[in-house]
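A.B. asks: The following block contains a protein sequence and its predicted model.
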Amino acid sequence: MSQSAVNQATYNAKTTVERYTRLQALFPAEQQIFDAHAQQFGGRVLDIGIGAGRTTHTLLPRCREYVGIDFSASMVQRAKAKFQSGEFLTMDMRTCPAALSGRMFDAILISFNSIDYLPWEDRNQLLTALRALLHPCGVLAFSTHILSPATVRGFFLPAHLRPGWRNALRNPFLLLLTPLRFVRWIVRALPNRLRHRHLERVFDGYAYLNDPGELYGLITTYVTVEQQNAELTARGYRVRRVPAWPDRPSYFEYFVCRPAEQ
């Protein structure tokens, strides 16, 4: 299976849809971007990769026109069921510049690293094509996994599942629950890792990695900060970086882009 096929299958899976349906909280970076560009995010907004509507909760009440898209029909159905207004479309983000041709948006958002589930060439073509949908005074914001020497590769237990043994020893229930959670995770994640690891590739400035996201069910594009800045500059954007969390290391960052002529 290709990167796109693997990722689409995972995002259409019932367990993934259920988890995304429960998500509502913004990352600190998103709130910062929305506040810093309140005029744009109060206008015509194109929200790409909405999942089940996590960012819709915040953007829909504040904007004049809202269009949300996702390539998972199940996710879009959940979003439509939650919100009584807004335009929701099932669409591969690679097709939206052509499908929405002639429309103009003040703000375009691709949140929660959605762009990382496209092949490298496709994401760069998308970033170029989105210029045609962006108002000259508009803002494009997207997040991406950062490739660095600190990027951990291979099969490993995510930090949030690593047992806190001191607490567990003081609580017999936690002492029992910790190994059960570990076994449950291994049983679900290891088959995915064995199935997908052959799709990993490392290139100059970017890589396709099978990371722990969705139980190793995804092939994620990682990019160095230098490479991402260079790609955006070449496509006519001025760029500002915003870490996902201001007070701790971020494995992904937001890039806030404005047309270079502004």
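C.D. replies: Good, I have the coordinates. Residues are numbered from 1 along each chain as shown.
A.B. asks: make it CA atoms for all contacts and neighbour counts henceforth
C.D. replies: OK.
A.B. asks: Parallel or antiparallel, which strands does the longest strand along the chain pair with?
C.D. replies: Taking DSSP state E as the criterion, the chain has its longest strand at strand 134-146. Note on strand 134-146: by DSSP bridges, its sheet partners are strand 105-110 (parallel), strand 220-223 (parallel), strand 252-259 (antiparallel).
A.B. asks: what's the average pLDDT for the last one?
C.D. replies: Averaging pLDDT along strand 252-259 yields 97.
A.B. asks: buried residues in the longest strand of the chain?
C.D. replies: Neighbour-count burial for strand 134-146, with 16 or more other C-alpha atoms under 10 Å as criterion, is recorded at 134-136, 138-146.
A.B. asks: Ok, stretch 45-53 next?
C.D. replies: If you call a residue buried by 16+ other C-alpha under 10 Å, then stretch 45-53 has these buried ones: 45-53.
A.B. asks: Ile69 - how many residues pack around it?
C.D. replies: Burial measure for Ile69: 26 neighbouring residues, criterion other C-alpha atoms under 10 Å.
A.B. asks: surely it meets Arg94?
C.D. replies: No: counting by C-alpha atoms under 8 Å, Ile69 stays clear of Arg94, with 11.0 Å between them.
A.B. asks: how about the closest residue to Glu30 other than its chain neighbours, what does it touch?
C.D. replies: In this structure, Glu30 finds its nearest non-sequential neighbour in Ala244, 7.7 Å apart by C-alpha to C-alpha, 6 or more residues apart in numbering. If you count contacts by C-alpha atoms under 8 Å, 6 or more residues apart in numbering, Ala244 has them with 27-30, 250, 252-254.
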